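1. only the shape, not the letters, is given here:
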């Protein structure tokens, strides 16, 4: 992980539980970019990601928020086979 400069987890079904795992795992503050566009993150979680990473100079792409239903169903990847 320490050798990565860019981490792209975009175009998938990333939700708050996945983002919590990212924040709780190995530090990501060495990254130049974390690309999470097309995600299912809540407003509070996008704020937590920005607060944790942007002060260290990490560019965090959180564009294209998607919406799932109240139970979390209806998550789709941007492109599939």
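-> Yes, it's here. None of these values were measured; they are calculated from a predicted model.

2. alpha carbons only for contacts and neighbour counts from here, please
-> Fine.

3. so what pLDDT did residue 80 get?
-> At residue 80, the pLDDT value in this model is 71.

4. how about the helices in the chain?
-> 16-24, 43-53 (DSSP state H).

5. and the first one, how far from the chain's centre?
-> The reference is to helix 16-24. 8 Å (C-alpha atoms, centre = their mean, to the nearest Å).

6. what comes into contact with that helix?
-> Residues outside helix 16-24 that contact it (C-alpha atoms under 8 Å, 6 or more residues apart in numbering): 40-42, 45, 49, 52.

7. about what we covered before: figure out which of the helices of the chain is closest to residue 33.
-> helix 43-53 (9.5 Å; C-alpha to C-alpha).

8. nearest to residue 78, of the helices of the chain?
-> Using C-alpha to C-alpha, the helices of the chain put helix 16-24 closest to residue 78, at 17.1 Å.

9. that older thread, which one, of the helices of the chain, ends up nearest to residue 5?
-> It's helix 43-53; of those, that one is closest to residue 5 (C-alpha to C-alpha) at 13.2 Å.

10. quick one: low-confidence parts of the chain?
-> Within the chain, the segments meeting pLDDT under 70 span 70-72, 81.

11. centroid-nearest residue for it?
-> residue 36 (4.0 Å; C-alpha atoms, centre = their mean).

12. since that was my last question, I'll sign off now.
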